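*Asks:* Sequence first, predicted coordinates after that:
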Amino acid sequence: MYKNLFTVFLVFVGQIAVAQTTVIRNSEIAQMITEISSDSLEHHVRTLASFNSRHTLSTNEENGMPAAQQYVLSKFQHFAKKSGGRMTAEIEKFIIPGDERRIPTDSPAANVMATLKGTDPADDRIFIISAHMDSRNKDVMDEKGAAPGSNDNGSGTAAVIELARIMASHEFPATILFVAFTGEEQGLKGATYLADKAKKEGWNIGAVLNNDIIGNSSSSETMIKDNLKMRVFSETIPVAETEQEAAIRRYINADNDSKSRQLARYIKEQGERYVDHFEVKLIYRADRFLRGGDQTPFAKNGMTAIRMSEMNENFLHQHENVRVEDGVQYGDLPDFMDYEYLRKVTAVNLASLASLANSPDQPLEVKIDVRNLSNQTTLLWSPPETGTVQGYFVLMRETSSSMWERKFWTTDTGLTLPYSKDNYFFAVQAVSESGAESLPVMPTPLFKLN
Ligand SMILES: [Zn+2]
């Protein structure tokens, strides 16, 4: 289906004063992005907020969490009908163990999920797009009081639903899992359950794109109104790093090149390639102060996981009881959201997720030759296990730069460049026949030939 598509690449014209950037978009992905509807996103947010509470421990079948979960499930089931049997939807029930913190006793809970099966039987990668759908008010243990949770996190849940709608009828070699988690506000319970299950069962998780608080564009206190930017949080030193991995990281100075950071850069590049008037800000943190997110249980299990979030948060409308005080409206209500902004963040997700699910697996055994003193750099690698590879990009950047700056094309499995390995960072990504790029792999040092 990608036969007519062009290879996607950026051309940087040297280090001259006026550089020209060529942007080529995959037409199928560009088309999917035009289908994202701010009206449909708003409809999902308002429906989710119309349940009295989506508190994790809420058991009200009429207007509590179980009812909201049925709503999400019914959407997934509806979209599955146009997937030619490749999409399945389910509510996965489990027990959250009591923890003497935010879960008083062992409690029944559930994640709502849709799986869009990949078309390549040899490709077992799973890309997860997620958001927590549970909500809370000021008292995190109040499972009965109103907690509309429009932006936190009806916004992320709406994005996941909208992506499932649009992507269901499209084919990708790798599998995509759309997840609405429970239990985030009670301690990342739903995500922990799934991440631990994935680890135990040996799932090949390609990446986790977690969305949390993505639909507001005006800040409290600083009064900034700006729908032009979003944030991607990625861990710097991997929480799951082993001693051996730490030693390699220190040796090659890859402090800014965790797998999650590579994913964040990839999202910035893909997002800005496809979404107009939008900047993806890389935040070099696993998450914000005092607060976490559902990407963390995956990172703890060594998986590649980031958090998407809005740029300017409004604390009048987060975790607050719905009330008017001194003429100020508090509470996470749907009227305070910016649905055009939510559309753009959803589009960044779609561009990144579709590119990842289209991409070949990453190149293997990526090495940088450090056996000799040389002003050249030699990189060597092996083809990925799955996917039809047209060639590879060798990426290069200044050691002081955040983003990859030059891309060298090769159809070989090695490349020597006349740039000193001492002065630049390098990585390699595999490129499919349709031009989809894998996540980049930073090389580890090659001390001797095997
Ligand atoms: Zn949240």
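*Replies:* Here it is on my side, so go on.
*Asks:* which residues of the stretch 301-450 of the chain score low on pLDDT?
*Replies:* 449-450 (pLDDT under 70).
*Asks:* Tell me where it has strands.
*Replies:* 305-310, 323-325, 328-330, 364-369, 377-382, 389-398, 406-410, 414-417, 424-432, 444-446 (DSSP state E, counting those that start in this stretch).
*Asks:* winner for burial among the ones you listed?
*Replies:* Among these, strand 305-310 has the highest mean neighbour count (mean count of other CB atoms under 10 Å), at a mean of 29. In short, each C-beta sits where N, CA and C put it, glycine included.
*Asks:* So what touches that one?
*Replies:* Residues outside strand 305-310 that contact it (CB atoms under 8 Å, 6 or more residues apart in numbering) are 151, 156, 207-217, 230-234, 260, 263-264, 267, 286-288, 293-296, 298-299, 341, 345, 348-349.
*Asks:* follow-up on the earlier one: can you put the strands of the stretch 301-450 of the chain in a markdown table and add distance to Arg25?
*Replies:* Shown next, in a markdown table, are those (distance: least, CB to CB, whole Å):
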| stretch | distance to Arg25 |
| --- | --- |
| strand 305-310 | 20 |
| strand 323-325 | 46 |
| strand 328-330 | 41 |
| strand 364-369 | 28 |
| strand 377-382 | 27 |
| strand 389-398 | 17 |
| strand 406-410 | 16 |
| strand 414-417 | 27 |
| strand 424-432 | 15 |
| strand 444-446 | 33 |
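*Asks:* What residue spans form the domains of the protein?
*Replies:* 27-358, 364-446 (automatic domain parsing).
*Asks:* Now do the last one: distance from first to last residue.
*Replies:* Just to be clear, that refers to domain 364-446. Counting by CA to CA, to the nearest Å, you get 14 Å between the two ends of domain 364-446.
*Asks:* Who are the contact partners of the closest residue to Arg343 other than its chain neighbours?
*Replies:* In this structure, Arg343 finds its nearest non-sequential neighbour in Ser38, 4.3 Å apart by CB to CB, 6 or more residues apart in numbering. By CB under 8 Å, 6+ apart, the contact list for Ser38 reads 339-340, 342-343.
*Asks:* Met32 versus Ser38, what's the distance?
*Replies:* Separation of Ser38 from Met32 (CB to CB, to the nearest Å): 15 Å.
*Asks:* which parts of the stretch 101-250 of the chain sit against the ion?
*Replies:* 152-153, 212 (CB under 5 Å from the ion).
*Asks:* just the buried members of those?
*Replies:* 152-153, 212 (16 or more other CB atoms under 10 Å).
*Asks:* and those residues as a markdown table, adding pLDDT and secondary structure?
*Replies:* Shown next, in a markdown table, are these (pLDDT from 0 to 100; DSSP: H, G, I helix; E, B strand; the rest coil):
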| residue | pLDDT | secondary structure |
| --- | --- | --- |
| Asp152 | 98 | helix |
| Asn153 | 98 | helix |
| Asp212 | 98 | coil |
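*Asks:* Please point out which parts of the longest helix anywhere in the chain sit buried.
*Replies:* Counting residues, the longest helix in the chain under DSSP state H turns out to be helix 339-358. Residues of helix 339-358 classed as buried: 339, 341-358 (neighbour count, 16+ other CB under 10 Å).
*Asks:* Off-centre distance for it?
*Replies:* Between the centre of helix 339-358 and the centre of its host chain there is 9 Å, according to CA atoms, centre = their mean, to the nearest Å.
*Asks:* Hey, what's the angle from that helix to strand 424-432? Just curious.
*Replies:* Relative orientation of helix 339-358 versus strand 424-432 (axes from the mean of the first three to the mean of the last three CA atoms, to 10 degrees): 80 degrees.
*Asks:* does stretch 304-318 come close to the ion?
*Replies:* No: using CB under 5 Å from the ion, stretch 304-318 stays clear of the ion, with a minimum separation of 8.1 Å.
*Asks:* now do the same end-to-end measure for that stretch.
*Replies:* Taking CA to CA, stretch 304-318 runs 28 Å from one end to the other.
*Asks:* Return the distance of that stretch from the chain's centre.
*Replies:* The answer for stretch 304-318 is 13 Å, by CA atoms, centre = their mean.
*Asks:* what are the ranges of the helices in this structure?
*Replies:* So, for the chain - with DSSP H - the helices run 27-34, 38-50, 65-80, 155-167, 189-200, 243-252, 259-274, 296-300, 339-358.
*Asks:* So which of those is nearest Pro445?
*Replies:* Each of the helices of the chain has some distance to Pro445 by CB to CB; the shortest is helix 243-252, at 6.2 Å.
*Asks:* contacting residues for the residue of the stretch 251-400 of the chain at minimum distance from the ion?
*Replies:* Using CB to the ion, the single residue of the stretch 251-400 of the chain nearest to the ion is Gly293, 6.7 Å away. Gly293 sits next to 132, 184, 188, 210, 212, 233, 287, 307, 309 when contact means CB under 8 Å, 6+ apart.
*Asks:* The third one against Gly292, yeah?
*Replies:* Yes: taking contact to mean CB atoms under 8 Å, the distance of 6.4 Å between Leu188 and Gly292 places them in contact.
*Asks:* More neighbours: the two, which one.
*Replies:* Leu188 (21 against 16; other CB atoms under 10 Å).
*Asks:* In TSV: the residues of the stretch 101-250 of the chain next to the ion, plus distance to Met442.
*Replies:* Below are these laid out as TSV (distance: CB to CB, whole Å):
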residue	distance to Met442
Asp152	34
Asn153	32
Asp212	27
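*Asks:* Closest to Gly387 out of those?
*Replies:* Asp212 (30.3 Å).
*Asks:* What segments of the stretch 101-250 of the chain are strands?
*Replies:* Using DSSP E, counting those that start in this stretch, strands in the stretch 101-250 of the chain cover 107-116, 125-132, 175-181, 204-211, 229-233.
*Asks:* To Gln20, which of the domains of the chain lies closest?
*Replies:* Set against Gln20 and scored by CB to CB, the domains of the chain come closest in domain 364-446, at 14.0 Å.
*Asks:* neighbours around Ser135, how many?
*Replies:* 29.
*Asks:* My read is that it contacts Ala146, right?
*Replies:* No: Ser135 lies out of contact with Ala146 (CB under 8 Å); the separation is 9.4 Å.
*Asks:* what is in contact with those two at once?
*Replies:* In contact with both Ser135 and Ala146: Ser53, using CB under 8 Å, 6+ apart.
*Asks:* before we move on, back to that, return the most buried member of the helices of the chain.
*Replies:* helix 155-167 (a mean of 28).
*Asks:* How much space separates Pro108 from Pro443?
*Replies:* 47 Å.
*Asks:* Could you tell me how many residues sit around Ala122?
*Replies:* For Ala122, using other CB under 10 Å, the count is 10.
*Asks:* Who are the contact partners of the closest residue to it other than its chain neighbours?
*Replies:* Closest residue to Ala122 apart from its sequence neighbours, by CB to CB, 6+ apart: Thr386 at 4.9 Å. Going by CB under 8 Å, 6+ apart, Thr386 touches 120, 122-125, 173, 360-361.
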